[in-house]
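Colleague: model this:
(one chain, ligands or ions: 1)
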Amino acid sequence: MKITDIRITDHAIELDPPMHAAWDPDPRHGFTATVVRVETDEGITGVGSGDTMAGFDAHRHHFLGTDPLGMAVQVRRIESVAFHGGRFWPLEAALWDVVGQAAGLSVSVLFGGVADRLPVYASWCSVQSAERRARDAAELEAEGFRAVKVRVDPRDPEPGIASVAAVRAATSLDVLVDLNQAWRMAGDVRPAVELVEIRRLVRRLAEFEPGWIEEPLPYDDVDGHRLLRAENPGLRIASGEMCDNRPQLDALVDALDVVQTDVVLSLGMSRTRALAESLAARHRRFTPHTWSNGLGLLANLHVAAGVGAGPYLEFPYDPAGGWTPERRDFLLAEPLRPAADGTLAVPQAPGLGAVLHPSLSDSR
Ligand SMILES: [Mg+2]
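Modeller: This is a model prediction of the structure:
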């Protein structure tokens with residue numbers, strides 16, 4: 001089989017009312033997503049999405065005419081290009097979609113086939129009042145969710161701490177907490193909150209026995225992560241969602257309980273599988289970040305189910321903050337939704353099983 005073309009199209013929706021993300025200083029009035037289509041001489045087309053693919057046009061020729069089924073070489077090819085700039089992992093997702101279709105198998109089976117559905121946690125993006133969050137959490141519990149992730153802004157932690165307390169009091173959901181300290185949006189030059197304040201904050205949050213505390217510190221502060229683990233026995237520290245620097249990630253992994261690399265934003269599908277297997281052998285958890293779009297969530301779902309990630313997969317979902325399945329999954333014909341038991345099923349169609357929305361325009 002040969003790759004005959006790699007087409008990249010950009011798509012956008014307006015967000016009115018806007019989305020509020022705790023990690024972004026600016027409200028979002030629009031949402032853009034890029035679709036990669038790998039076309040082959042055997043009539044199979046694979047699709048992927050996640051990062052922007054900006055700059056890929058200069059590198060397309062390295063892939064045209066090559067065999068999409070030679071995935072180990074394709075991953076090395078993507079990495080050779082990434083060295084010169086760009087996180088082109090949506091292309092790997094589209095290539096795996098081709099491989100799965102050629103094999104007649106779901107990509108999750110090619111990645112190990114541990115599970116065909118995973119429990120999900122509702123990942124809130126915004127900070128809201130404690131009263132609102134108590135109501136939201138009770139609704140999640142009624143919908144079948146078993147866990148929720150609450151944002152706590154370390155610069156102004158009281159509303160987030162109050163929400164953690166309210167969710168704990170109102171439900172039996174497992175509460176995960178994200179401090180969003182590891183990386184910044186482009187153009188956000190605010191420094192991370194210093195270690196001494198984070199130590200105090202994490203100690204307070206530990207009282208609520210959260211399932212984990214996520215991104216308490218910048219990736220480079222490996223010693224700080226170690227310190228937080230040592231002084232809070234029984235508390236899991238999670239991080240790594242956007243970390244694509246292998247030496248940095250390898251150093252950080254030793255200081256974590258939960259690793260969260262995203263297959264379409266940070267590490268790619270194949271490398272994430274290897275990482276997840278090495279984590280399992282060391283009794284550490286892997287469960288990926290999934291905040292891109294529905295097609296990116298789907299790629300993460302396949303890898304996570306394939307390797308047996310857990311205990312929950314991230315399901316970005318926060319109607320109070322303006323993030324609904326319809327907005328998140330506007331690329332797809334149908335939004336992804338968990339079943340009544342709180343699990344998200346892996347599509348069993350060959351490949352990623354993605355059905356794109358019929359209204360998607362075909363050109364950039
Ligand atoms: Mg996070």
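
Colleague: T66 - how many residues pack around it?
Modeller: Counted with other C-beta atoms under 10 Å, residues neighbouring T66 total 15. For the C-beta atoms, the positions are set from N, CA and C on the backbone; glycine is no exception.

Colleague: can you give me the pLDDT of it?
Modeller: pLDDT, T66: 98.

Colleague: can you list the domain ranges for this structure.
Modeller: Domain assignment of the chain by automatic domain parsing yields the ranges 3-105, 110-345.

Colleague: most tightly packed of these?
Modeller: Among the domains of the chain, domain 110-345 has the highest mean neighbour count (mean count of other C-beta atoms under 10 Å), at a mean of 20.

Colleague: quick one: end-to-end length of it, please.
Modeller: 16 Å (C-alpha to C-alpha, to the nearest Å).

Colleague: quick one: distance of that domain to the chain centre.
Modeller: Mean-position distance between domain 110-345 and its chain equals 8 Å (C-alpha atoms, centre = their mean, to the nearest Å).

Colleague: what is the mean pLDDT for that domain?
Modeller: According to the model, domain 110-345 has a mean pLDDT of 97.

Colleague: so for L360, what's the pLDDT?
Modeller: Looking at L360, its pLDDT is 85.

Colleague: quick check: the gap between M53 and T32.
Modeller: Distance check for M53 against T32: by C-beta to C-beta, to the nearest Å, it reads 11 Å.

Colleague: just the strands in this protein please.
Modeller: In chain order, the chain shows strands spanning 3-19, 28-40, 45-49, 117-123, 147-151, 174-178, 212-214, 237-239, 258-259, 285-286, 313-316, 343-345, with DSSP state E as the criterion.

Colleague: now distance to P358 too, for the domains of the chain, in a markdown table please.
Modeller: Written out in a markdown table, the entries for those read as follows (distance: least, C-beta to C-beta, whole Å):
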| stretch | distance to P358 |
| --- | --- |
| domain 3-105 | 13 |
| domain 110-345 | 7 |
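
Colleague: all helices for the stretch 151-300 of the chain, in order.
Modeller: For the stretch 151-300 of the chain, helices defined by DSSP state H, counting those that start in this stretch occupy the ranges 158-170, 195-206, 222-231, 246-253, 269-281, 294-307.

Colleague: skipping its backbone neighbours, what lies nearest D318 in space?
Modeller: W124 (4.2 Å; C-beta to C-beta, 6 or more residues apart in numbering).

Colleague: how much space between that neighbour and R60?
Modeller: In terms of C-beta to C-beta, W124 sits 38 Å off from R60.

Colleague: ok, back up a step: who wins for proximity to T261 among the helices of the stretch 151-300 of the chain?
Modeller: Comparison of the helices of the stretch 151-300 of the chain against T261 by C-beta to C-beta identifies helix 269-281 as nearest, at 5.4 Å.

Colleague: helices and strands around that closest one, which ones?
Modeller: Helices and strands touching helix 269-281, by 3 or more C-beta pairs under 8 Å, 6 or more residues apart in numbering; DSSP states H and E, are helix 71-82, helix 89-103, helix 246-253, strand 258-259, strand 285-286, helix 294-307.

Colleague: just want the angle from the last one to helix 269-281.
Modeller: Counting by axes from the mean of the first three to the mean of the last three C-alpha atoms, to 10 degrees, helix 294-307 points 40 degrees away from the direction of helix 269-281.

Colleague: and helix 294-307, C-alpha only, in CSV?
Modeller: The C-alpha atoms that make up helix 294-307 are tabulated as CSV, following Å, rounded to 0.1, in the frame of the first residue of the first chain:
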residue,chain,number,x,y,z
GLY,A,294,-13.9,14.4,19.6
LEU,A,295,-11.6,12.9,17.0
GLY,A,296,-8.6,13.4,19.3
LEU,A,297,-10.6,11.9,22.2
LEU,A,298,-11.3,8.9,20.0
ALA,A,299,-7.6,8.3,19.3
ASN,A,300,-6.9,8.5,23.0
LEU,A,301,-9.8,6.2,23.8
HIS,A,302,-8.4,3.5,21.4
VAL,A,303,-4.9,3.6,22.9
ALA,A,304,-6.2,3.8,26.5
ALA,A,305,-8.6,0.8,26.0
GLY,A,306,-5.9,-1.1,24.1
VAL,A,307,-3.3,-0.8,26.9
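
Colleague: tell me the contacts of V127?
Modeller: With contact taken as C-beta atoms under 8 Å, 6 or more residues apart in numbering, V127 is in contact with 20, 22, 151-153, 159-160, 163.

Colleague: nearest to Y312 among the residues you listed?
Modeller: When these are ranked by distance to Y312 (C-beta to C-beta), R151 comes first, at 16.7 Å.

Colleague: how far away is P17 from G306?
Modeller: Counting by C-beta to C-beta - P17 and G306 are separated by 37 Å.

Colleague: same question for R327.
Modeller: Using C-beta to C-beta, one gets 27 Å for the distance from R327 to G306.

Colleague: do the same with I44
Modeller: Applying C-beta to C-beta, one obtains 20 Å for the distance of I44 from G306.

Colleague: same deal with E158?
Modeller: When distances are taken as C-beta to C-beta, E158 and G306 turn out to be 41 Å apart.

Colleague: likewise A349?
Modeller: According to C-beta to C-beta, A349 stands 15 Å off from G306.

Colleague: pull the contacting residues for the closest residue to A238 other than its chain neighbours.
Modeller: Of all residues beyond its chain neighbours, the one nearest A238 is V258 (3.6 Å), with distances taken as C-beta to C-beta, 6+ apart. The contact partners of V258, by C-beta under 8 Å, 6+ apart, come to 212, 214, 236-239, 284-287.
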